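In: predicted model, plus sequence, below.
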Amino acid sequence: MIRRVVPTPALVTGGGVAMMLAGTALLLGGHGHPHAASMAVAAAGDVATPTPVPTAVVKVVMTDQARFAPSRIEVEHGSTVAFVVTNAGRLEHELVIGDRAAQAEHERRMRQMAERPPAVAPVAGDPDAVDVPPGETRTLVHTFGSRGSLLFGCHVTGHYAAGMRGTIEVI
């Protein structure tokens with residue numbers, strides 16, 4: 001399934017901004033996962049980078065069958081997209097946006113944490129990742145500054161290898 005995302009002017013006016021910012025605030029919790037520490041800092045107000053105002057919204061559902069729906073998304077170059085990510089399963093999942101190198105690095109860090117949790121510090125400041133506990137919804141806002149292909153995936157142990165990934169085409 002391909003999901004084409006077209007910027008929505010109504011999102012950036014009136015209550016749309018307030019709703020999106022309120023939804024974005026939901027992701028600022030944490031649960032001991034690699035990006036939870038950086039999100040907690042953001043919640044405390046220690047990060048000066050403002051959250052960009054989304055120009056489009058994409059709803060993504062993740063399942064315990066190691067799948068995302070949709071698994072292919074098209075966005076316009078320069079757009080800021082709010083990914084509203086729902087974990088419809090009973091297992092922990094995450095969504096990480098990045099190129100192949102970023103996905104490989106995140107996979108390596110997650111594997112390292114699983115093997116030696118006390119010895120590995122959490123990944124600091126990963127604005128392109130969001131943890132989604134079972135039955136919950138979180139929002140990740142991302143600006144697409146370059147044309148081309150990106151990947152999104154879940155790196156909870158075994159999930160990425162099982163095919164829990166998708167593509168984002170920036171046109």
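Out: Sure, I can see it.

In: now the helices for the protein?
Out: 15-26, 36-44, 100-115 (DSSP state H).

In: gap between the closest residue to Gly166 other than its chain neighbours and Leu151?
Out: Nearest-residue entry for Gly166: Ser71, 3.9 Å, with adjacent residues in sequence omitted and distances by C-beta to C-beta, 6 or more residues apart in numbering. Any C-beta I mention is one placed from the backbone N, CA and C, and that applies to glycine too. Here the criterion is C-beta to C-beta, to the nearest Å. By it, Ser71 lies 11 Å from Leu151.

In: what does Arg67 give?
Out: In terms of C-beta to C-beta, Arg67 sits 14 Å off from Leu151.

In: what does Gly166 give?
Out: With C-beta to C-beta as the criterion, Gly166 and Leu151 are 7 Å apart.

In: can you check Gly163 too?
Out: Distance of Gly163 to Leu151, computed by C-beta to C-beta: 12 Å.

In: cool, and Arg100?
Out: For Arg100 relative to Leu151 (C-beta to C-beta), the value is 7 Å.
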